[in-house]
Structures are given as structure tokens and as C-alpha cells.
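J.: heads up, no residue letters with this:
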């Protein structure tokens, strides 16, 4: 929500040149897309580590499986630090429009309910 709020002022200025009829609605969607892209980019490394942690094979001796920190360090050691950004582009392309639509609809219905006095 903080990225959304911070990018909303920037998005309003950008949206007024795109759609003078309803710059607020366009600004809501643009700010949501920026927030969705930022969230996807920030959480990708954690998602990569969690995926590797949950899909690692069982230990043959019945010992404890590696924890997320161990898996992350092993990934970096074996494949380099950029391995934690695997899938970043696809996640951003998925979540940016999704979150943009979410915030656009959220703000639309919030304003609608405020106008109705709810």
C-alpha cells in the first residue's frame, strides 16, 4: 500500500495527459501497476528460495531437510546470485496488470460507496 500511495501522485500527473476525462481512474490503475510490479520484484527471491525448499528431495538418511537460509545460500553458491531473480520478468508481467486492476476497481467502488453514504 505504501508504494501505491507514493506512486499515486506521480501517476496522477502522468494520467492527466493520457485521459483528461477521468485522470483519477487512470491514475489508480497506473499506481496499482507500479505497486504490483514492485511487490513482484521484491518477493521473487523469496519465492525462488521457498520453491526450492519445498521441492527438495527427502534426505536418504532420514535427517532434517535444509532450511530456507541453507537452500538460499546453496543456490547462490552453486548458481550465482542472479538465480534468485529467476522468473522475475514473468512475475512482474503477471502481477502489474493484476494489481492495477485491483486498485482501480477498489478505488472505484470505494468512491461509489462514499457517494452513496455507506
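T.: Thanks, I have the structure now. This one's a predicted model, so the numbers in the text were calculated from it and none came from an experiment. Numbering: from 1, shown residues only.
J.: Where does pLDDT dip in this protein?
T.: Along the chain, segments meeting pLDDT under 70 span 1, 15-23, 62, 118.
J.: can you list contacts of the helix or strand in which residue 11 is found?
T.: Element membership for residue 11 (DSSP states H and E) is helix 2-18. Where contact means CB atoms under 8 Å, 6 or more residues apart in numbering, the residues beyond helix 2-18 that reach it are 23-24, 26-28, 30-32, 34-35, 38-39, 103. To be clear about C-beta, it is placed using only N, CA and C from the backbone, and glycine gets the same treatment.
J.: what comes up buried for the helix or strand just after that helix?
T.: Remark: after helix 2-18, the chain's next helix or strand is helix 23-55, criterion DSSP H and E. Within helix 23-55, the residues that qualify as buried are 23-41, 44-45, 48-49, 52-53, counting by 16 or more other CB atoms under 10 Å.
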